[in-house]
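Make a model of this:
(2 chains)
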Amino acid sequence: MSRTPFFHFLFLDMKGKPCEDHCILQHSNRICVITLAETHPILQNGRTIKCINYQISNGCSRLKNKVSGKSKRGGQFLTDFAPLCRITCTDETEYTIYSCIRGRLLEVNENILETPNLLLEKPSTEGYIAVILPKFEESKSITENLLNRDEFENIISKRSSAQSQPS
Amino acid sequence: MLPLKEKDKPIIQKLLSAGCCARCILRFCCVSVQAAYRKPPEETLEELQIFINDTKNDKCQDSVALDSTDEYKSKDAAESETSEDPPNKRAKLETSITDAQSEEGAAAVVKLKDGDSRVCVVCLGILQELCGTTQAVKITEAVKAGNYEFDTLVLSVSLPAQLCVREHSCWLHVKKEVREKGLVLNKDDVIQVKEAFKWIMQGMVAKELGGIAVVTKVSPFEVSVEFTHSETDADCHFLAATCPDCFKPTKNKQSVFTRMAVVKALEKIPDGKFLKHYPCPPKQPTSSCSPQEVQCLRVSVFVAGRYNKFCRSLPQTPWVIDGERRMESSVEELIAAPILSAFRADGFNFSSSGREDVDVRTLGNGRPFAMELLNPHKSRFSKEQMKQLQETINQSSDKIKVRDLQIVTREAMSRMKEGEEEKTKSYTALVWTQKPIQREDISFIDDIKDLTLDQKTPLRVLHRRALAVRQRAIHSMSTRFLDSHHFYLRLKTQAGTYIKEFVHGDFGRTNPNLCQLLKTDTDILELDVESVDVDWPPPVPE
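Below is the predicted model of the structure:
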């Protein structure tokens, strides 16, 4: 009844980095929730999180994002490769999570700052990264170049077989 | 006999030569006897001329006065555009001392011919042929055609703004004359064109309608008459240059020269400035005003009640995207259709004490609603008739049902909206759990009282609502076990609580939520509104 009207879209190998897969959950009202795909390195090999930083540059912190009113004025406008946050794991690996779509940033998930485990245990729900509102005219076009669930399953199965072949 | 005084004579004379009609002259003489305006204009004109010719005889005996009146006459003759022959008039005056009777008769004849054909420079024909039986019949026909139910009606008239400018000009024209006599003519004492028009028309319309009371002030049924005069619309334009702050540019294409703006500018503009930009007296128009369509409007009627919704695929309001209807019908259309046709109204505004989603039923006593019916042609309904109407609605569809249907006042709308913010509501939800459960696992929920939630605007409505955090209370809950993955959850909550989000958590944006309480993923399969705890509208006994 309630969680079903979200369509899954996937962005693979963000910025060419292998397996840094992002998942975009789009509601029938066009709003998108950005999350880690289950294949993302952060969620592999029992990694734990050291810190999550929404300060992506000297002048820009996603935490400072403030929207007001019905038209969400003031929200930072993001392009496809706008960084959302940087995550450092306890094994010193670092990952940047990107927007994946054009749109206005509505909110970033502050719950994961307090409870980083949410990101590991519930990456597709309570561990989401951000909520973005695309422009009305672009609501369909932003997902055109993304993979749907079936295409994604297809590609990741090919990945595992590629990996298992001797180089 | 017209109630005129000596001091009125110079005013009458000046306005006659300026091109004012008889009734406008009465207005400038502050005649407030309504009957005076109902006499045929030709008669009034004759009486006026008789009245002033009396003066002329008096004045001629005083040589000084004769000289001044002579000057005055010649100036008038030059100013006015009548076809009178000034030398003849003067000659007649000078020889009139003994021959008063025949002279006044002759002068009256001359004036009458001219007075009849000219359009009044002030009222532009409104108080001339435009307030006669033809107009009354036109109004009556429009009222009858509308087939309204009414006991009284109020007549309203809308006049072109330039009438104020012309009135102002004539007032200045006589102001000087009046002051010379040591008198004062306040612009406010002059009878307004609108008033005179109504004095004349009200009785006539009442008669044509066979005795319906045409009230002066307040009636729920308003008949509006509008006049336009494009020929003189430009008369107002000079005011935009002289008093620019009175005329704000309008967003829509309508003229910026509204009556209100023009009146305001005329109050501000100094006499000297006015006279520089506008002729005094005003120029003679070539045509009368054009009457527009007569509009009838009956004041809105408000109908209230409570509705139940038994369908899980019915929106509150019509669901239309890009001109295409996405779902058949709606709660408001199903309720409104029979009411609209019974009251023969042109349209409606529907509002209710809160709303439910398309897929949610409304059970119990139902949700209060109120409808404003626009321009109802029929408005008198007995309690019996309202009960009958309620029955008709209930027979028309099995998706909705209404009760306590009644006519209420406009103030009632605010009573209903009160409920939206302040009152409590009860719900039943069918909950699914991911992990298997047993009766004991959910019994603790029954003991939770006054749980405060922090709810961020749900993602499913975030596209059309502002992002905010709302604190809402769940006062009490009770559970009914169904099977290892389902149970019924009853809740009593504060108004404005998002139930669905409390159950599934909305990505953790509602805290606390049922997933956290039960330590499992949960979702909501069905939701029903059990009660909306607003004690309005008053119940109607069966």
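
Show me what residue of the stretch 201-350 of chain B gets nearest to chain A.
Proximity of the stretch 201-350 of chain B to chain A (C-beta to the nearest C-beta) peaks at B:R312, 9.8 Å away. From N, CA and C alone the C-beta is placed, and that goes for glycine too.

How about the contacts made by that residue?
B:358-361, B:526 (C-beta atoms under 8 Å, 6 or more residues apart in numbering or on different chains).

give me every residue that touches the residue of the stretch 351-500 of chain B found nearest chain A.
Residue nearest to chain A within the stretch 351-500 of chain B: B:H463 (4.3 Å; C-beta to the nearest C-beta). Neighbour list for B:H463: A:29-31, A:133 [criterion: C-beta under 8 Å, 6+ apart].

In CSV, list these along with pLDDT, secondary structure and distance to chain B.
Output for the contacts of B:H463, formatted as CSV (pLDDT from 0 to 100; DSSP: H, G, I helix; E, B strand; the rest coil; distance: C-beta to the nearest C-beta, whole Å):
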residue, pLDDT, secondary structure, distance to chain B
A:N29, 92, coil, 4
A:R30, 93, coil, 6
A:I31, 96, coil, 6
A:L133, 96, strand, 7
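
Separate out the buried members of the residues you listed.
A:30-31, A:133 (16 or more other C-beta atoms under 10 Å in any protein chain shown).

which of those residues lies closest to A:L118?
Taking C-beta to C-beta as the measure, A:I31 is the one of the buried ones among the contacts of B:H463 closest to A:L118, at 20.2 Å.

Relative to B:D188, how far out is that closest one?
62 Å (C-beta to C-beta, to the nearest Å).

How about B:Q49?
In terms of C-beta to C-beta, B:Q49 sits 28 Å off from B:D188.

And those two? Which one has more around it.
Applying other C-beta atoms under 10 Å in any protein chain shown to B:Q49 and B:D188 shows that B:Q49 carries more neighbours, namely 23 against 7.

tell me which element that one falls in.
helix B:41-60 (DSSP states H and E).

next one: that helix to chain centre, how far?
Distance of helix B:41-60 from its chain centroid, counting by C-alpha atoms, centre = their mean, to the nearest Å, is 43 Å.

burial count for the residue of the stretch 401-542 of chain B found nearest chain A?
Residue of the stretch 401-542 of chain B nearest chain A, by C-beta to the nearest C-beta: B:G508 (3.5 Å). By other C-beta under 10 Å, 20 other residues sit near B:G508.

Show me the subset of the contacts of B:R312 that also lies near chain A.
The subset of the contacts of B:R312 within reach of chain A, by C-beta under 8 Å from any C-beta of the partner chain, is B:359, B:526.

filter the contacts of B:R312 to the buried ones?
Applying 16+ other C-beta under 10 Å to those flags B:358, B:360-361 as buried.

would you list these in TSV and tack on distance to B:V165 and pLDDT?
TSV is the format used below for those (distance: C-beta to C-beta, whole Å; pLDDT from 0 to 100):
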residue	distance to B:V165	pLDDT
B:V358	57	93
B:V360	60	96
B:R361	63	97
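
Please flag which of those residues sit within strands.
B:360-361 (DSSP state E).

Locate B:V157 within the secondary structure: which element?
Assigned by DSSP H and E, B:V157 belongs to strand B:152-158.

Tell me how far that strand lies from the chain's centre.
12 Å.

ok and the residue in chain A nearest chain B?
A:E126 (3.5 Å).

Counting neighbours, what do you get for that residue?
Other residues close to A:E126 by other C-beta under 10 Å number 23.

That one and A:L118, how far apart?
Where A:L118 is concerned, A:E126 sits at a distance of 5 Å (C-beta to C-beta).

try A:H8
Taking C-beta to C-beta, one finds A:H8 at 19 Å from A:L118.

What of B:F28?
Taken as C-beta to C-beta, the span from B:F28 to A:L118 is 85 Å.

list the buried ones in stretch B:337-347?
Within stretch B:337-347, the residues that count as buried by 16+ other C-beta under 10 Å are B:337-340, B:342-345.

Can you say which two of those residues are spatially most distant?
The widest separation within the buried residues of stretch B:337-347 (C-beta to C-beta) is 12.8 Å, between B:A337 and B:R344.

Closest one to A:L106 out of the contacts of B:H463, please.
When the contacts of B:H463 are compared for distance to A:L106 (C-beta to C-beta), A:L133 wins out at 5.4 Å.

Identify the residues contacting the closest one.
By C-beta under 8 Å, 6+ apart, the neighbours of A:L133 are A:30-32, A:72, A:75, A:103-104, A:106, B:462-463.

Mind putting the residues you listed into a markdown table with secondary structure and distance to A:N45?
Output for the contacts of A:L133, formatted as a markdown table (DSSP: H, G, I helix; E, B strand; the rest coil; distance: C-beta to C-beta, whole Å):
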| residue | secondary structure | distance to A:N45 |
| --- | --- | --- |
| A:R30 | coil | 35 |
| A:I31 | coil | 32 |
| A:C32 | strand | 28 |
| A:K72 | coil | 38 |
| A:G75 | coil | 35 |
| A:G103 | strand | 32 |
| A:R104 | strand | 35 |
| A:L106 | strand | 32 |
| B:L462 | coil | 35 |
| B:H463 | coil | 38 |
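
Distance of A:T79 relative to A:T143?
In terms of C-beta to C-beta, A:T79 sits 15 Å off from A:T143.

before we move on, what about B:C515?
On the measure of C-beta to C-beta, B:C515 and A:T143 end up 28 Å apart.

And for B:K425?
B:K425 is 37 Å from A:T143, by C-beta to C-beta.

Other residues contacting stretch B:124-138?
B:21, B:23-24, B:37, B:41, B:119-120, B:159-160, B:162-163, B:166, B:193, B:196-197, B:200-201, B:204-205, B:207-208, B:225, B:227, B:229, B:232, B:285, B:287-289, B:291, B:294.

Pull the distance from it to the chain's centre.
24 Å.

got the end-to-end distance for that stretch?
19 Å (C-alpha to C-alpha, to the nearest Å).

thinking again about what came up before, out of the contacts of A:L133, which one sits closest to A:R159?
A:C32 (24.6 Å).

List the contacts of that closest one.
With C-beta under 8 Å, 6+ apart, A:C32 has these contacts: A:24-26, A:101, A:103, A:131-134, A:142.

And for B:L183?
Contacts of B:L183 by C-beta under 8 Å, 6+ apart are B:K7.

Could you verify that it is part of a helix?
No. Counting by DSSP: H, G, I helix; E, B strand; the rest coil, B:L183 is not part of a helix but coil.

and whichever strand or helix holds B:K9, what other elements does it pack with?
Following DSSP H and E, one finds B:K9 within helix B:8-18. Packing partners of helix B:8-18 (3 or more C-beta pairs under 8 Å, 6 or more residues apart in numbering or on different chains; DSSP states H and E): helix B:22-28, helix B:41-60, helix B:63-79, helix B:162-180.

between these, which gets the lowest average pLDDT?
Sorting the helices and strands packed on helix B:8-18 by mean pLDDT places helix B:63-79 lowest, at a mean of 40.

can you list contacts of the helix or strand of chain A with the lowest mean pLDDT?
Sorting the helices and strands of chain A by mean pLDDT, DSSP states H and E puts helix A:149-164 at the bottom, at a mean of 83. For helix A:149-164, the surrounding residues in contact (C-beta under 8 Å, 6+ apart) are A:8, A:10, A:12, A:19, A:21, A:37, A:39, A:147.

Bridged to the residue nearest to the last one when sequence neighbours are not counted, which residues?
In space, not counting the residues next to it along the chain, A:L147 is nearest to A:L10; the distance is 4.5 Å by C-beta to C-beta, 6 or more residues apart in numbering or on different chains. Taking DSSP bridges, one obtains A:C23, A:L147 as the residues bridged to A:L10.
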